[in-house]
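Visitor: Let me see the structure of the following:
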Amino acid sequence: GGIVAAILVYMAYIVPSVTLTPGLDGTIVALKVKPDQLVAKGDALYTIKYKDRKFVGGQLQEKFVEKDVHASTGGKVLAVSAKEGADVKKGKTTLLVMEHQKGTLP
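Guide: A predicted model of the protein is given here:
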């Protein structure tokens with residue numbers, strides 16, 4: 001328990017910035033933030049278009065879906081690396097760098 005608490009305190013107060021990567025493969029449709037912009041928890045950061053795959057009646061169906069991705073905490077956008085129209089890979093492509101609000105977890 002103490003180690004977990006120490007890690008959470010470290011992340012909330014010591015880690016100055018976080019690098020955001022996409023949670024899935026897709027294409028950046030729109031960037032909703034700019035460098036030096038302040039964002040609040042829940043603000044839209046970007047829109048991603050991805051292929052949604054489902055089995056319906058034993059057949060694989062694919063359709064494109066657009067999803068807004070929102071800030072999980074408030075902070076300041078330090079840099080925007082992504083470009084609209086760019087293809088991105090889950091966990092690999094840097095989209096933006098944010099300085100999160102002190103005392104919150106990124």
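Visitor: Next one: G75 from E99, what distance?
Guide: 5 Å (C-beta to C-beta, to the nearest Å). For the C-beta atoms, the positions are set from N, CA and C on the backbone; glycine is no exception.
Visitor: same question, V33
Guide: From V33 to E99 the distance is 13 Å (C-beta to C-beta).
Visitor: These two: which is more packed in?
Guide: V33 (19 against 15; other C-beta atoms under 10 Å).
Visitor: With the flanking residues excluded, which residue is spatially nearest to the more buried one?
Guide: V77 (4.8 Å; C-beta to C-beta, 6 or more residues apart in numbering).
Visitor: doesn't the one you found fall inside a strand?
Guide: Yes - under DSSP: H, G, I helix; E, B strand; the rest coil, V77 falls within a strand.
Visitor: Strand partners (parallel or antiparallel) of whichever strand or helix holds E99?
Guide: Applying DSSP states H and E as the criterion places E99 in strand 96-100. For strand 96-100, the paired strands and their directions (DSSP bridges) are strand 18-20 (antiparallel), strand 75-80 (antiparallel).
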